[in-house]
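Chemist: Here you go, sequence then predicted model.
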Amino acid sequence: MKIPANVLKWAMAASVPVAVAIVAPWEGKSNDPYRDIVGVRTVCYGETRVEMRRYTDAECLAMLNKAVAEFANQVLQCTPRLQYHPYQLAAAVSLAYNIGVGAYCRSTVDRLFDAGDLKGACDQFARWRMAGGMVVQGLVNRRKAETELCLTGL
């Protein structure tokens with residue numbers, strides 16, 4: 001389903017700032033590359049798709065804004081129903097930013113959103129709480145925050 005350009009522009013304007021606001025504190029920021037909890041080289045706000053070098057604060061923030069917008073576009077391709085649901089879209093973008101778009105698009109979260117069960121989809125966020133085969137308290141906490149955002153306005 002192709003989303004009309006004016007609707008896409010509105011959806012992005014309504015959801016990307018909210019998604020950035022939730023992604024940034026949960027990802028944390030490191031201007032220098034580091035290995036995340038499962039050993040993946042990461043920099044800035046959890047970015048793995050860039051050159052691993054030191055970045056300035058401004059570069060990290062610009063990178064985050066660009067990445068979140070890209071993830072929002074990709075989430076909308078999987079879940080076009082979210083074009084009119086900015087809080088649910090922002091929560092889905094945060095989830096996809098953390099687990100990857102492919103995993104998001106194959107998830108029960110996506111399937112329930114597609115079926116119109118917004119609350120049911122939001123309730124599924126909590127299932128994504130593991131890294132490296134272990135439950136991670138930080139992910140439990142993040143999913144709780146994403147779920148609360150997702151339930152906003154429902």
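Modeler: Yes, it's here. Residues are numbered from 1 along each chain as shown.
Chemist: The helix or strand hosting residue 94 - what's its average pLDDT?
Modeler: Assessed by DSSP states H and E, residue 94 sits inside helix 86-99. Helix 86-99 comes out with an average pLDDT of 98.
Chemist: Check which helices and strands it is in contact with.
Modeler: When contacts are defined as 3 or more Cβ pairs under 8 Å, 6 or more residues apart in numbering; DSSP states H and E, helix 86-99 packs onto helix 5-27, helix 57-78, helix 101-105, helix 108-114, helix 118-123, helix 137-150. C-betas here are computed from N, CA, C, even on glycine.
Chemist: now the angle from that helix to helix 137-150?
Modeler: 160 degrees (axes from the mean of the first three to the mean of the last three Cα atoms, to 10 degrees).
Chemist: Quick check: buried residues in helix 86-99?
Modeler: For helix 86-99, the neighbour count (16 or more other Cβ atoms under 10 Å) marks 86-98 as buried.
Chemist: ok, so of these, who is nearest residue 116?
Modeler: Checking those against residue 116 by Cβ to Cβ gives residue 88 as the nearest, at 11.4 Å.
Chemist: can you give me the angle the helix holding residue 94 makes with helix 5-27?
Modeler: Using the same axes, to 10 degrees: helix 86-99 against helix 5-27 is 50 degrees.
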